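Engineer: Give me a model of this one.
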Amino acid sequence: MKDECAIHGEEPIPDKYYKICTECWHCFVTAEALEIADLNIRQGIMPNRLHEVLPASRIHICPMCTHDF
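Structural biologist: Modelled structure (predicted):
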């Protein structure tokens, strides 16, 4: 597996992590990091709407590239 995120460039993969996107190779170290990234993307797309934080178990696409996990 390569150690480079298509969005952030070099991104060493830690020994323990929550999820890695197999398309852009972004590494979400914790479930909370995935939840925050997802929320930030949705808020950016529709800023005038109140968004709930989805649990990581309900996030099925990478917030960085929209590829299915």
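
Engineer: Which stretches in the protein count as helices?
Structural biologist: 31-45 (DSSP state H).

Engineer: Any idea which helix or strand in it has the lowest mean pLDDT?
Structural biologist: Ranked by mean pLDDT, DSSP states H and E, the weakest helix or strand in the chain is strand 4-5, scoring a mean of 74.

Engineer: elements contacting it?
Structural biologist: Helices and strands touching strand 4-5, as assessed by 3 or more CB pairs under 8 Å, 6 or more residues apart in numbering; DSSP states H and E, are absent. All C-beta spots, glycine's among them, are computed from the backbone N, C-alpha and C.

Engineer: Which residues does that strand contact?
Structural biologist: Residues from elsewhere that reach strand 4-5 (CB atoms under 8 Å, 6 or more residues apart in numbering): Glu10, Glu11, Cys24, Trp25, His26, Cys27, Met64.

Engineer: pretty sure the third one contacts His67?
Structural biologist: Right, the one you point to is Cys24. Yes. Assessed by CB atoms under 8 Å, Cys24 is found in contact with His67 at 6.6 Å.

Engineer: Thank you, goodbye.
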